[in-house]
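Asker: Next comes the sequence, and after it the predicted model I'd like to discuss.
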Amino acid sequence: MSPRKTVGILGGGQLGRMLTHPAALLGIPLLILDSGSYTPAKQTLLAPEPHSHPDGPFTSESHIRELAAKCDVLTVEIEHVNADVLEQVEKEGLCEVQPAPKTIRLIQDKYAQKKYLADNGIPVAPFAELGVNPSEQDVQAVALKLGLPMMLKAKTLAYDGRGNSPLQSTDSAAIKASLDFLGDRPLYAEGWAPFVKEVAVMVVRNKEGEVRSYDAVETIHRESILRVCLAPLRGHRGVNQRARELAEKAVSHLEGAGIFGVEMFLMEDGSLLLNEIAPRPHNSGHHTIEACLTSQFENHLRAILSLPLGSTSLRVPSAAMINILGSSSSMDPVHHMADSALSVPGAAVHLYGKAESRKARKMGHITLTAESDAELNERLREILAAQPDADK
Ligand code: ATP
Ligand code: MG
Ligand code: MG
């Protein structure tokens, strides 16, 4: 047998951490590029000898090149990396990159991504470009076209809703507050999608073009941040299958191997609109570690290394994922919630090893598995009761 290929991951946060577990099981050597020597991912897996995990920004050309020189395949756990350098590294034959740098670049710009998907016949909410530092009149003109409320969004460097600002009125004060919040980043606007549910599907594709989707899940957000995820999506006839088909279709327009997280809105009439795609493991697939035959993390590694893909089937009738968010700088509420879950049957606790807690920072999650939705709901109530009061 040939030696296992070494995989380099750009980003050393919780998604990288959860990639290290199947890497260890499958004997895949991993090198993680991020700033700091004790990031969530670096804590859990030693670098293969004679290397150490590179310490530097995943946007830095020299660090990416240093990583590429030691690896066979580079991949990402975050899309906000340096796509230009990844493209050069691949063109120069220094290292393979999965998914394709072109795909990472497209997804980095949420406006470009939305336009590309719409141009390829994928249904999305109406949207319009605003650019950098738009005037009040620019915003009013777009509001006239898209209606109110609308969502102002940063095109780039957005995550956990931190690049989003809902606009309820076109008063000067409201527009100014939104624009000030979003700062100097390039912006675009989206018409409000009055969804009945948010839905997500994880899709894995290997280099040979084999595609497998997981069951759709319901994702429950508050203030633009994912709180709870319920698997499988229930209650709307055929929607699970339709969401999987739409997600697979959307991913078919993107190049490269790996796992993709596809976020969608389920509308009142049963139709689906695509919100955005992540070219990497995704928060709405964390339950797959305990609840599916093969986790999103393991399937990502299998896909980029041309190993056989694993089954995406659920191994239990009902599952949930509850994010543990920081409520302040204190770790106490985080540990309280994690420890309370330890006495709930079917609960699995994941803490990410982040040194500091901050309000709304993802500090860990809990996966719940159950034999029925009724059993799941009962256990879910117990877990949510341990949330800090402000989050209830
Ligand atoms: P992520 O952490 O998933 O990358 P993000 O910062 O890129 O998030 P979005 O996915 O664009 O942000 O939006 C976050 C949430 O805000 C959505 O899950 C949804 O709840 C809400 N939202 C976004 N766009 C719209 C819209 N057009 N209409 C209504 N709600 C929206
Ligand atoms: Mg996003
Ligand atoms: Mg999102």
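Answerer: Okay, I see it. Ligands and ions are numbered 1, 2, ... in the order given.
Asker: Let me know the secondary structure of residue 274.
Answerer: What DSSP: H, G, I helix; E, B strand; the rest coil gives for residue 274 is strand.
Asker: thought it was touching residue 266?
Answerer: No - using C-beta atoms under 8 Å, residue 274 is not in contact with residue 266; the gap is 11.3 Å. All C-beta spots, glycine's among them, are computed from the backbone N, C-alpha and C.
Asker: Spit out the contact partners of the spatially most central residue of the chain.
Answerer: Central residue of the chain (C-alpha atoms, centre = their mean): residue 282, 3.1 Å from the mean position. Going by C-beta atoms under 8 Å, 6 or more residues apart in numbering, residue 282 touches 200, 202, 259, 260, 261, 296.
Asker: give me the subset of those touching ligand 1.
Answerer: The subset of the contacts of residue 282 within reach of ligand 1, by C-beta under 6 Å from any ligand atom, is empty.
Asker: Can you flag the buried ones in those?
Answerer: Buried by 16 or more other C-beta atoms under 10 Å: 200, 202, 259, 260, 261, 296, out of these.
Asker: My read is that the fourth one contacts residue 278, right?
Answerer: Yes - with contact defined as C-beta under 8 Å, residue 260 and residue 278 form a contacting pair (6.6 Å).
Asker: which stretches of the stretch 251-392 of the chain form strands?
Answerer: 258-266, 272-278, 318-325, 347-351, 362-370 (DSSP state E, counting those that start in this stretch).
Asker: got JSON lines for the ones you listed, with mean pLDDT too?
Answerer: Converted to JSON lines, the strands of the stretch 251-392 of the chain look like this (pLDDT from 0 to 100):
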{"stretch": "strand 258-266", "mean pLDDT": "98"}
{"stretch": "strand 272-278", "mean pLDDT": "98"}
{"stretch": "strand 318-325", "mean pLDDT": "98"}
{"stretch": "strand 347-351", "mean pLDDT": "98"}
{"stretch": "strand 362-370", "mean pLDDT": "98"}
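Asker: want to throw those strands into a markdown table with distance to residue 245?
Answerer: Compiled in a markdown table, the strands of the stretch 251-392 of the chain are given as follows (distance: least, C-beta to C-beta, whole Å):
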| stretch | distance to residue 245 |
| --- | --- |
| strand 258-266 | 11 |
| strand 272-278 | 9 |
| strand 318-325 | 22 |
| strand 347-351 | 30 |
| strand 362-370 | 26 |
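Asker: quick one: buried residues of stretch 127-141?
Answerer: So for stretch 127-141, counting by 16+ other C-beta under 10 Å, buried means 127, 128, 130, 134, 138, 139.
Asker: circling back: show me which pair in the buried ones among the contacts of residue 282 is furthest apart.
Answerer: 200 and 259 (12.2 Å; C-beta to C-beta).
Asker: Now do the shared contacts for those two.
Answerer: With C-beta under 8 Å, 6+ apart as the test, residue 200 and residue 259 both reach 282, 285.
Asker: Quick check: residue 371 touching residue 315?
Answerer: No - counting by C-beta under 8 Å, residue 315 is not a contact partner of residue 371; they are 11.4 Å apart.
Asker: Quick one, grab the pLDDT at residue 37.
Answerer: If you check residue 37, the pLDDT there is 96.
Asker: what's around the spatially closest residue to it that is not a sequence neighbour, how many residues?
Answerer: With C-beta to C-beta, 6 or more residues apart in numbering as the criterion, residue 37 has its nearest non-adjacent residue at 5.6 Å, and that residue is residue 55. Close neighbours of residue 55, defined as other C-beta atoms under 10 Å, add up to 16.
Asker: Local confidence estimate at residue 55?
Answerer: Residue 55 is given a pLDDT of 98.
Asker: Which positions in the stretch 201-350 of the chain make contact with ligand 1?
Answerer: Counting by C-beta under 6 Å from any ligand atom, the stretch 201-350 of the chain sits next to ligand 1 at 221, 224, 263, 275, 276.
Asker: ok, now with 5 Å
Answerer: 221, 224, 276 (C-beta under 5 Å from any ligand atom).
Asker: now those as CSV including neighbour count?
Answerer: Below are these laid out as CSV (neighbours: other C-beta atoms under 10 Å):
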residue, neighbour count
221, 14
224, 16
276, 17
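Asker: Spit out the contact partners of residue 316.
Answerer: Contacts of residue 316 by C-beta under 8 Å, 6+ apart are 291, 369, 370, 371.
Asker: got it, and residue 19?
Answerer: Going by C-beta under 8 Å, 6+ apart, the list of residues near residue 19 reads 9, 30, 41, 77, 281, 297, 300, 301.
Asker: Find the helix or strand that the closest residue in space to residue 95 that isn't next to it in sequence is a member of.
Answerer: Take residue 95 and drop its neighbours on the chain: the residue closest to it by C-beta to C-beta, 6+ apart is residue 68, 3.8 Å away. In this assignment (DSSP states H and E), residue 68 forms part of helix 61-70.
Asker: can you list contacts of that helix?
Answerer: Contacts for helix 61-70 (C-beta under 8 Å, 6+ apart): 6, 8, 10, 31, 33, 51, 54, 56-58, 74, 81-82, 85-86, 89, 94-95.
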